[in-house]
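Q: generate coordinates for the sequence data below:
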Amino acid sequence: MLVVDEREQLPVVEARAGESAAWDALFRRYQLPLYVYVFELTQDEQASLDIVQEAFINAVRHIETLREDGKFGSWLFGIAHQKCLQRWRRGEREWEAREELAAQGMGFESAPDELLVRREQEAEFMRLLGELSPPQRSVLLLHFLEEFSLEQIAQVTGAAIGTVKSRLHYAKLALRKLIEDHSL
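A: Prediction:
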């Protein structure tokens, strides 16, 4: 798992100056973790690719608004987070894509039993995660998948730290209850 370290030396100054090599380095650094985060929120491969691309385009266009170069990662995740929210507000349902994938099947005709059971449990866990509200799902993914601090999550989501703590607490409780109810 790729952990975003805000203390890492990034070529943000060079990117701000318009150097394409600096943007290439930033893209290589954040492309995968940003895609994973967005995909876990949307459960839609094409939408995730589009959102990551839009986030980088916005970053290029608005790099001058970044106040602290060392917080580029959180700022970029915040842009992608806002793009996800815009998508949800348009009324698109992320679960439709997940249901479509489930209907297509996994394609493991001769896989060992253990692999099938694990895949089924992972799919069920992701389905249960999808039942959480977008704000709860978002804080869980940022905290556990990306290993962001509460402060970084607050910056990405635009919520107060107290709100992030509350969402994380209630998201854990809700997910635990869903898991218990479904005997995972």
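
Q: OK, contacts around Ile179?
A: 125, 128 (C-beta atoms under 8 Å, 6 or more residues apart in numbering). Where you see a C-beta, it was placed from the backbone N, CA and C, and this is true even at glycine.

Q: may I have the helix or strand encompassing it as CSV, with CA atoms only?
A: Using DSSP states H and E, Ile179 sits within helix 161-181. Written as CSV, here are the backbone C-alpha positions of helix 161-181 (Å, rounded to 0.1, in the frame of the first residue of the first chain):
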residue,chain,number,x,y,z
ILE,A,161,-11.5,17.6,12.6
GLY,A,162,-14.2,16.9,15.1
THR,A,163,-16.6,16.0,12.3
VAL,A,164,-14.0,13.7,10.8
LYS,A,165,-13.5,12.0,14.2
SER,A,166,-17.3,11.6,14.5
ARG,A,167,-17.7,10.3,11.0
LEU,A,168,-14.9,7.8,11.5
HIS,A,169,-16.3,6.6,14.8
TYR,A,170,-19.8,6.2,13.5
ALA,A,171,-18.6,4.7,10.2
LYS,A,172,-16.7,2.0,12.2
LEU,A,173,-19.7,1.3,14.3
ALA,A,174,-22.0,1.1,11.2
LEU,A,175,-19.6,-1.2,9.3
ARG,A,176,-19.2,-3.4,12.3
LYS,A,177,-23.0,-3.8,12.6
LEU,A,178,-23.3,-4.5,8.9
ILE,A,179,-20.6,-7.2,9.2
GLU,A,180,-22.2,-8.8,12.2
ASP,A,181,-25.6,-8.7,10.6
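
Q: so which elements touch the host helix or strand of Arg28?
A: Arg28 belongs to helix 20-42 when assigned by DSSP H and E. If contacts are counted by 3 or more C-beta pairs under 8 Å, 6 or more residues apart in numbering; DSSP states H and E, helix 20-42 sits against helix 12-16, helix 45-62, helix 72-89, helix 94-104, helix 134-140.

Q: what's the least confident stretch among those helices?
A: Ranked by mean pLDDT, those bottom out at helix 94-104, with a mean of 49.

Q: pretty sure Ile153 contacts Lys165?
A: No. In terms of C-beta atoms under 8 Å, Ile153 does not count as a neighbour of Lys165; the distance is 9.3 Å.

Q: list the buried residues of the helix holding Ile179.
A: 164, 167-168, 171, 174-175, 178 (16 or more other C-beta atoms under 10 Å).

Q: and stretch 76-88, by the same measure?
A: Buried, per 16+ other C-beta under 10 Å, within stretch 76-88: 76-85, 87.

Q: just put those residues in CSV and tack on distance to Glu64.
A: Listed next are the buried residues of stretch 76-88 as CSV, based on distance: C-beta to C-beta, whole Å:
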residue, distance to Glu64
Leu76, 15
Phe77, 19
Gly78, 16
Ile79, 14
Ala80, 19
His81, 20
Gln82, 18
Lys83, 19
Cys84, 24
Leu85, 23
Arg87, 26
